[in-house]
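>>> A predicted structure for the sequence below; I have some questions about it.
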Amino acid sequence: MEMLFKGGTIFPITKKPFKGDLLVKDGKIHRMAKSIKKTKNCEVVDVSGKYLFPGFIDAHCHIGLYPDGLGDTESEGNEMTEPITADLMALDAF
């Protein structure tokens, strides 16, 4: 499956930001360019006026080690961010 994000401001890690398109193939970033043509089996997402940060992972998390009796044992303390961003669990470090 392919997804083409068109018209956003892309912030690559090694270059200056630019307005352009980002192509994702099989869940991986395939290409970034000022203009990418749509292929037949490609889903297009208009991201005009939006910012794209390819490869950026928001690793902000709380370790979730609460003193005994003070907090949910299944909580890492990241529930406030859940509607907006994927979060990492403390167990992801192991």
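Thanks, I have the structure now.

>>> what's the helix or strand for Ile29?
Using DSSP states H and E, Ile29 maps to strand 28-33.

>>> what comes into contact with that strand?
With Cβ atoms under 8 Å, 6 or more residues apart in numbering as the test, strand 28-33 has contacts from Glu2, Ile10, Pro12, Gly20, Asp21, Leu22, Leu23, Val24, Pro54, Gly55. C-beta here means a position set from N, CA and C on the backbone, and glycine is covered the same way.

>>> let's see that with 10 Å instead.
Contact with strand 28-33 is made by 2-5, 10, 12, 15, 18, 20-25, 36, 52, 54-55, as judged by Cβ atoms under 10 Å, 6 or more residues apart in numbering.

>>> filter those down to the buried ones and hand me the PyMOL line.
Only the buried entries of the contacts of strand 28-33 go into this PyMOL selection, using 16 or more other Cβ atoms under 10 Å:
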select buried, resi 4+5+10+12+20+21+22+23+24+36+52
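
>>> show me the contacts of strand 28-33 that map onto strands.
Among the contacts of strand 28-33, the members falling in strands (DSSP state E) are 2-5, 10, 18, 20-25, 52.
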